[in-house]
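Engineer: Quick check, what structure comes out for this input:
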Amino acid sequence: MKTTAITYNKTTAKAILSDFKQLTKVGLSLSVVFSSVAGYLLAIDVLNYFTLFLLAIGGFFMVGASNAFNQIIEKETDAIMKRTQNRPLPTGRMSINVALIIAISFTILGISILYSINPKTALFGAISIFLYTSAYTPLKSVTPLAVFVGAIPGAIPFMLGWVAATNEFGIEAGFLFMIQFFWQFPHFWAIGWLQYEEYKKAGFNMLPMNSKDKGAVKQIIFYTLIMISVSIAPVLKLSGAFYIHPITAVIVALLGIYMLYFSIKLHKSEDNVDARKLMLSSVLYITVVQVIYVVDKFLH
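Structural biologist: Sure thing, here's the model as predicted:
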């Protein structure tokens, strides 16, 4: 009997932990922390491990809070879509009240920890949570422009690291913001293409002009080209202390061309297979580019 109780408790604890991870989207939160850490490493002369730790934890809470609020607001629409219907709230495994406690606690913890680094970092963290939950999430069912609004909180983490390190929002942080801002359009529109039918069921407008056609892919190609241009611009020494070597610019451009290749393929085929390849190549791009920037800085 005791063994059964222990097994039951273990299973329950595992299920609760799994729901908590789904509500706060731990995987996504970690990728955001990765961006913030990269931004921090690009800005520093001397590494402060404690600040880096605070940035990682504060950033994690910040994104976790945004995701929890998002799922509270979208409980009904999550129940409609295959991809989201097994989340803790639509299935009833977690109550709205518990989710709210987690979301509010994460907000307070995240902003307080970021504030202990410096007030500007906390301000951008708060703006990120506010825009994601109060502007992007409700706009998804109103207009395809939601993607533009969502790209703002989505672009904050990379430059948040720079602000945490320097307590300044200047041209360097602005460039880091723009790189991640323009990257999000091909990334999210590739997801919007793959999930088009599901999003339509839930009443979400996630593609440009809300249509799954060549016009939407033309926009993807356009924003991919802007993203590549902004990503290699630091080679021209236009971006203050944030500068990259010509060889680094070539590598970054090649990675961008790899993404561009799949967006052109999608324009020709209008096939989900190519949209998936574009989405995966976009994840590869943002991860590798951030690593390359940091490596370049330490090879200066």
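
Engineer: In this structure residue 256 contacts residue 285, no?
Structural biologist: Yes. In this structure residue 256 lies within contact range of residue 285 using C-beta atoms under 8 Å: 6.7 Å. C-beta coordinates here come from the backbone N, C-alpha and C atoms, glycine included.

Engineer: Now find how far off-centre whichever helix in the chain runs longest is within its chain.
Structural biologist: As assigned by DSSP state H, the longest helix anywhere in the chain is helix 272-299. When C-alpha coordinates are averaged (C-alpha atoms, centre = their mean, to the nearest Å), helix 272-299 and its chain have centres 13 Å apart.

Engineer: for that helix, packing partners?
Structural biologist: helix 26-43, helix 171-194, helix 246-269 (3 or more C-beta pairs under 8 Å, 6 or more residues apart in numbering; DSSP states H and E).

Engineer: same thing but at 10 Å, please
Structural biologist: With contacts defined as 3 or more C-beta pairs under 10 Å, 6 or more residues apart in numbering; DSSP states H and E, helix 272-299 has these neighbours: helix 26-43, helix 146-166, helix 171-194, helix 214-232, helix 246-269.

Engineer: mean confidence score for the shortest one?
Structural biologist: This predicted structure assigns helix 26-43 an average pLDDT of 95.

Engineer: can you check stretch 61-75 too?
Structural biologist: The model assigns stretch 61-75 a mean pLDDT of 97.

Engineer: got it, and stretch 212-229?
Structural biologist: 97.

Engineer: Check which residues of that stretch are buried.
Structural biologist: By 16 or more other C-beta atoms under 10 Å, the buried positions in stretch 212-229 come out as 212, 216, 217, 219, 220, 223, 224, 227, 228.

Engineer: Export those residues to TSV and append columns for distance to residue 49.
Structural biologist: Supplementary listing: the buried residues of stretch 212-229 in TSV, determined by distance: C-beta to C-beta, whole Å:
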residue	distance to residue 49
212	47
216	45
217	45
219	42
220	40
223	37
224	36
227	32
228	34
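
Engineer: what's the farthest-apart pair in those?
Structural biologist: 212 and 228 (24.4 Å; C-beta to C-beta).

Engineer: What separation do you get for the closest residue to residue 217 other than its chain neighbours and residue 99?
Structural biologist: Computed as C-beta to C-beta, 6 or more residues apart in numbering, the closest residue to residue 217 that is not its neighbour in sequence is residue 267, at 4.2 Å. Distance, residue 267 to residue 99, by C-beta to C-beta, to the nearest Å: 40 Å.

Engineer: and these two? which has more neighbours close in?
Structural biologist: Neighbour totals were compared for residue 267 and residue 99, and residue 99 leads with 22 against 16 (other C-beta atoms under 10 Å).

Engineer: helix/strand/coil for the residue nearest to that one when sequence neighbours are not counted?
Structural biologist: Using C-beta to C-beta, 6+ apart and skipping the chain neighbours, the partner closest in space to residue 99 is residue 72 (5.2 Å). Counting by DSSP: H, G, I helix; E, B strand; the rest coil, the backbone at residue 72 sits in helix.

Engineer: Am I right that residue 72 is in contact with residue 90?
Structural biologist: No. Taking contacts as C-beta atoms under 10 Å, residue 72 lies outside contact range of residue 90: 11.1 Å.
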